[in-house]
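In: Show me how the following folds:
(chains A, B and C, ligands or ions: 2)
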Amino acid sequence: MLDKFVMQHGHRKDALLEILHYAQEIYGYLDKDILTHISNSLNLPTSHVYGVATFYNFFKLKKPGSHIVTFCLGTACFVKGVEEIITAVENEFNVKRGETRADGKLSVFITRCIGACAMAPNAIVDNVVIGKATPEIVIDKIRSVLGEEKVEAN
Amino acid sequence: MGIGVIKLKINEQEVISREGDTILKAAKEHGITIPTLCDLDGLSNFGGCRLCLVEVKGSPKLFPACTTPVSNGMEVITDSERLKKYRKMAIELILSERIHVCSVCVANNNCELQDLANKLGVDHVNFKRDWNTHDLDTTHEFLVIDRNRCILCTRCIRVCDEVEGVHVLDLKNRGKDTEVIIDLDDQWGVSKICTSCRKCAKVCPVGAIYVEGQPISQTRDKKIAEFVLTRRQS
Amino acid sequence: MKPIDLVKLAERDLDLRRSYKYRINVCCSSGCLPFGAEDVLKAFEQAIKEYGVEKDCKVARTGCVGTCSVGPAVVVEPGDYLYQSVTPENAREIVKEHIIKGTPIKSMLYRNESFFKKQRRLILRNAGKIDPYNIEDYIAMGGYSALMKCLTSMTPKAVIDEVMASGLRGRGGAGFLTGQKWTFVARASGNPKYIIANLDEGDPGVFANRTLAEADPHAIIEGMLIAAYAIGAEKGYIYIRAEYPLAITTLKKALDQANSLNLVGENILETSFNFSIDLRLGAGAFVAGEETAILASIEGQRATPRPRPPYPATSGLWGKPTLIQNVETLANIPIIINNGGAWFAGIGTPKCSGTKCFSLTGKINSPGLIEVPMGTTLREVVYEIGNGIPNNRKFKAVLVGGPSGGCLPEEQIDLPIDYESLTKVGAIMGSGGIVVIDDQSCMVDTAKFFTDFCVDESCGKCVPCRVGLTKIKEIFERIMRGEGRMEDMNLLEELGNYIREASLCGLGQTAPNPVLTTLRYFKNEYVEHISQKKCSAGKCFQKNEEG
Ligand SMILES: Cc1cc2nc3c(=O)[nH]c(=O)nc-3n(C[C@H](O)[C@H](O)[C@H](O)COP(=O)(O)O)c2cc1C
Ligand code: FES
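Out: Numbers count the residues shown, from 1 in each chain, chains lettered A, B, ... in the order given. Ligands and ions are numbered 1, 2, ... in the order given. Now for the predicted structure:
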């Protein structure tokens, strides 16, 4: 599938970003095998491909969790207190921002502005945008996608 | 006066240069030194170290001498108080970014950063120094990369790509997390395309890439890029 | 398609539009979708069917009207009745009362009337009124008539002259005269020439360009076509952030439709003019919006800026002359061609003509996307259009120009918004972000936030930006730990000035602005943090107290 896409772009070196986007779409992330494959088919040095893939935040080189929550840490969301929500989620689910939980079920990512600032603060849980978010709403939503019950306070 | 001849002043001194030349080149030809770190004859311009910044009369802005072309009537100042202060600041920042300890460095007494610090009178660092360690790679037969000493001038990357033509080296990440990498951030010892030509070690201004067991003074060769380039053209 | 066919098409579609007594515009923009706009749209479609008023009433999917905090928003024409926070149940009610009985439901209407009063919507004239997925809607509103005018009755030089006369300045931040830029690229030697429409919009807190693309994509495309005709370009790229999936889909559809009507491609409108447009996706890098970095990114490289000269106008994409223009700048072009440069120059201020879109956010009652003439004051924006600060809190500062803008205090609030005035007080126009900050926010914390952003987004190429900003960040961290020293304020200022003057690109050159302006206008807060280890806003030192 990837090869066909590369062919459509005539193996052009400048199509590297489009191809990385496409590869991430089909494989979920970009591991070294995929990057090597891309660099071979575009005839680009591997270090160049790696350098490009790591420059842009959008490309993930590690396998993300099966569920992903992304917080917007843009200006509007910051002013509206998204930090509190992030901290609450980190504590509740025992996972740090930018990382994936040990069981591989949940990743917490940060992005800078999704352009929905008038509804700040914003979170995205598995591709669903939650505007005017609060810690409770986000935690509930994550629980429901994880299929977890509320853990009783011990 | 022939076509392409440019007359300008550098530090009040009349200077004649050619169209398309940079301020740095014009200055060099007339014995005026402007400090540089990332620039190297024979390699493409980078413009990252910002040590070569100069003032041009009539503009409040600062111009990198290594990439700014000369123009007729230009009046360049290379050593104002502001520039001296800023150059010191740049060196202090570089020194505080990673682990630069001259006494345990292979490049001690053969280091462009150390020389500049001495020349510009940097006797202490005003900023918090960062002691976090970066990767050291000794897996190659004789080439060593110690990223703790790297100043990210990218001379090694440029010489590898532009002169040797293999592009083993590049940068990964961005901002303060930028690092020089080999292939897919692999160990140097397993690289299949590195030709072990040593050019990276020859052009490194500091002690970040060197040949194990060889005194730096023997490895260094600042002229290598220009040498190959002129040979190629002739 | 011949020019005459375009005229016919416009007439036909306008007639069609007029044949409906009512038109219900449902905003399906990124702002309203998460609140169920799609369901509302379906509910309206079903309701008009049920009530049998399909012939009288058209339900349309549209872009954003700007009142994004009260979505889903629905506008009923004629009269532009704006309903807020509409639910599928409301939809039935609106059809029953408003469409059938003819009485708008007052209780559901948007309450802040002054939101629209002070605005002047030129670029956003179609936003919320037309279906962005339907090129005929745009054509019915006079779309592509400016292109036709250029191709059939103006020379490229005449087009440039008109843009020159308008005094239009770039909306991407720097405010460079657009006509002059076109002249440079037109004169530059080298073929082919390229155009890049910059839709990277990396400023966090800004969504004007996204809204434009989602609401009126053809305005951008038409602007590009006219620019291409004027400067002799053959190929254009729209560089858009990957974070904007809906805008991407909208632009893709728009390009397909324009292609199929022969408005983009070869022999456009059966003239000898050729121009093709491709989309290019960004990948999460603020710096990629910088004009030399965008070149690198489109060429498939790391988006690191390079020194200028050479300028992109002479040596851009693959070394060829390239015009880089913000999408809002481009959307102004059809307006200028249709109404004349002199008319446009009459709007705004003498040095800054036209209008500008601003994303108004933060602690404000009516956030959203607004468009005002240049020279409008911040007070008018915050207190009239934005309707003041919620919960009776006190205004503290307004942040203009994104993460590299400036934090302006109450004393500056009567400042007219134009490039020069903003620069004078240490802010920038940037891409038009206005974030209102109330007394619950700490200015030291805010300055730190922007520094953190710029540290993350620095490309790492030049020393002042890469290392200098990191050191500023460390100084802030020290202050927040209660270990700040009074000299730190001096050090911040010295570093800030150095980074501003010595950095390679606009990111570093403007990144210290929040630090420098907060030091200038809110020095007392720094002193309080350092000498008393106290934060009046209650943001900082919390962990220390708890621990
Ligand atoms: C760090 C940085 C980010 C930028 N981001 C954008 C952007 O997202 N969109 C944009 O139009 N211009 C951006 N610019 C400005 C562009 O470099 C360029 O000036 C602009 O696109 C020119 O178009 P204009 O003349 O229409 O304003 C940015 C500049 C810098 C330094
Ligand atoms: S030598 Fe000019 S910036 Fe480094």
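In: From now on I want contacts and neighbour counts done on CA atoms only, so please keep to that.
Out: Fine.
In: Name the residue of chain B that lies nearest to ligand 1.
Out: Closest residue of chain B to ligand 1, Cα to the nearest ligand atom: residue B:175 (12.8 Å).
In: I figured that residue hits residue C:466, correct?
Out: Yes: counting by Cα atoms under 8 Å, residue C:466 is a contact partner of residue B:175 at 5.5 Å.
In: between those two, what contacts are shared?
Out: Both residue B:175 and residue C:466 are contacted by C:455, C:458-460, under the criterion Cα atoms under 8 Å, 6 or more residues apart in numbering or on different chains.
In: now, which of those residues lie close to chain B?
Out: By Cα under 8 Å from any Cα of the partner chain, the members of the shared contacts of residue B:175 and residue C:466 lying near chain B are C:455, C:458-460.
In: Tell me, how many residues neighbour the nearest residue to residue A:30 once chain neighbours are set aside?
Out: Nearest residue to residue A:30 in three dimensions, chain neighbours excluded: residue A:61, at 4.8 Å (Cα to Cα, 6 or more residues apart in numbering or on different chains). By other Cα atoms under 10 Å in any protein chain shown, 16 other residues sit near residue A:61.
In: Is the most centrally placed residue in chain A in a helix, a strand, or coil?
Out: Most central in chain A under Cα atoms, centre = their mean is residue A:109, positioned 5.6 Å from the mean C-alpha point. Secondary structure assignment for residue A:109 (DSSP: H, G, I helix; E, B strand; the rest coil): strand.
In: quick one, helices of chain B?
Out: B:23-29, B:81-97, B:112-120, B:155-158, B:199-203, B:216-219, B:224-233 (DSSP state H).
In: Compare these and report which one is nearest to chain C.
Out: Closest approach to chain C among those (Cα to the nearest Cα): helix B:81-97, 6.1 Å.
In: For chain A, which residues are neighbours of ligand 2?
Out: For chain A, no residue is in contact with ligand 2 (Cα under 6 Å from any ligand atom).
In: which sections of chain A are below the confidence cut-off?
Out: Scanning chain A for pLDDT under 70 picks out A:149-154.
In: For it, just list every one of the helices.
Out: A:2-8, A:16-27, A:32-42, A:46-55, A:75-79, A:82-93, A:135-146.
In: Buried deepest among those helices, which one?
Out: Mean neighbour count (mean count of other Cα atoms under 10 Å in any protein chain shown) peaks for helix A:75-79 among the helices of chain A, with a mean of 28.
In: picking up where we left off before, report the contact partners of the residue of chain B closest to ligand 1.
Out: By Cα under 8 Å, 6+ apart, the contact list for residue B:175 reads C:455-461, C:466.
In: Ok, residue C:304 next?
Out: Shown in contact with residue C:304 (Cα under 8 Å, 6+ apart): C:287-288, C:292-293, C:296, C:459, C:461.
In: Out of the residues you listed, which sit inside helices?
Out: C:292-293, C:296.
In: what about residue 31, how many neighbours?
Out: With no chain named, the answer covers chain A. Neighbour tally, residue A:31, other Cα under 10 Å: 15.
In: nope, chain B
Out: Neighbours of residue B:31 (other Cα under 10 Å): 9.
In: before we move on, what about residue B:132?
Out: Residue B:132: 9 surrounding residues under other Cα under 10 Å.
In: still on that earlier bit, in CSV, list the ones next to chain B among the shared contacts of residue B:175 and residue C:466 along with pLDDT and distance to chain A.
Out: CSV is the format used below for these (pLDDT from 0 to 100; distance: Cα to the nearest Cα, whole Å):
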residue, pLDDT, distance to chain A
C:455, 96, 13
C:458, 97, 10
C:459, 98, 8
C:460, 98, 10
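In: so which of the residues you listed comes closest to chain B?
Out: Comparing those against chain B with Cα to the nearest Cα places residue C:460 closest, at 3.6 Å.
In: out of the shared contacts of residue B:175 and residue C:466, which one sits closest to ligand 1?
Out: Of the shared contacts of residue B:175 and residue C:466, the one sitting nearest to ligand 1 (Cα to the nearest ligand atom) turns out to be residue C:458, at 8.3 Å.
In: Quick check, pLDDT for the nearest residue to that closest one once chain neighbours are set aside.
Out: Spatially, and ignoring its direct neighbours in sequence, residue C:458 is nearest to residue B:175 (4.7 Å; Cα to Cα, 6+ apart). We have a pLDDT of 97 for residue B:175.
In: what's the answer for residue C:429, then?
Out: 89.
In: right, and it touches residue C:404 too?
Out: No: contact between residue C:429 and residue C:404 fails when scored by Cα under 8 Å: they sit 9.8 Å apart.
In: What count of nearby residues applies to residue C:116?
Out: So residue C:116, with other Cα under 10 Å, has 17 neighbours.
In: Give me the contact list for the helix or strand encompassing it.
Out: Under the criterion of DSSP states H and E, residue C:116 resides in helix C:114-117. By Cα under 8 Å, 6+ apart, the residues outside helix C:114-117 that reach it are C:366, C:384-387.
In: Could you pull up the mean pLDDT of that helix?
Out: If you average the pLDDT values across helix C:114-117, you get 91.
In: Would you mark the buried spots in it?
Out: Neighbour-count burial for helix C:114-117 flags C:115-116 (criterion: 16 or more other Cα atoms under 10 Å in any protein chain shown).
In: wait, isn't residue C:269 in contact with residue C:258?
Out: No: in this structure, residue C:269 is not within contact of residue C:258 by Cα under 8 Å, at 11.1 Å.
In: Domain map for chain C?
Out: What automatic domain parsing lists as the domains of chain C is C:18-108, C:142-345, C:355-438, C:443-546.
In: so, in contact with chain A or not, the shortest one?
Out: Yes: judged by Cα under 8 Å from any Cα, domain C:355-438 and chain A are in contact via C:360-363, C:367-368, C:402-403, C:435, C:437.
In: and residue C:366, how many residues sit next to it?
Out: Neighbours of residue C:366 (other Cα under 10 Å): 28.
In: Isn't it up against residue C:384?
Out: No: counting by Cα under 8 Å, residue C:366 stays clear of residue C:384, with 9.6 Å between them.
In: quick revisit: what about the residue nearest to residue C:458, distance to residue B:131?
Out: Counting by Cα to Cα, to the nearest Å, the gap from residue B:175 to residue B:131 is 17 Å.
In: before we move on, what about residue C:249?
Out: 47 Å.
In: Residue C:139 now?
Out: Taking Cα to Cα, one finds residue C:139 at 62 Å from residue B:131.
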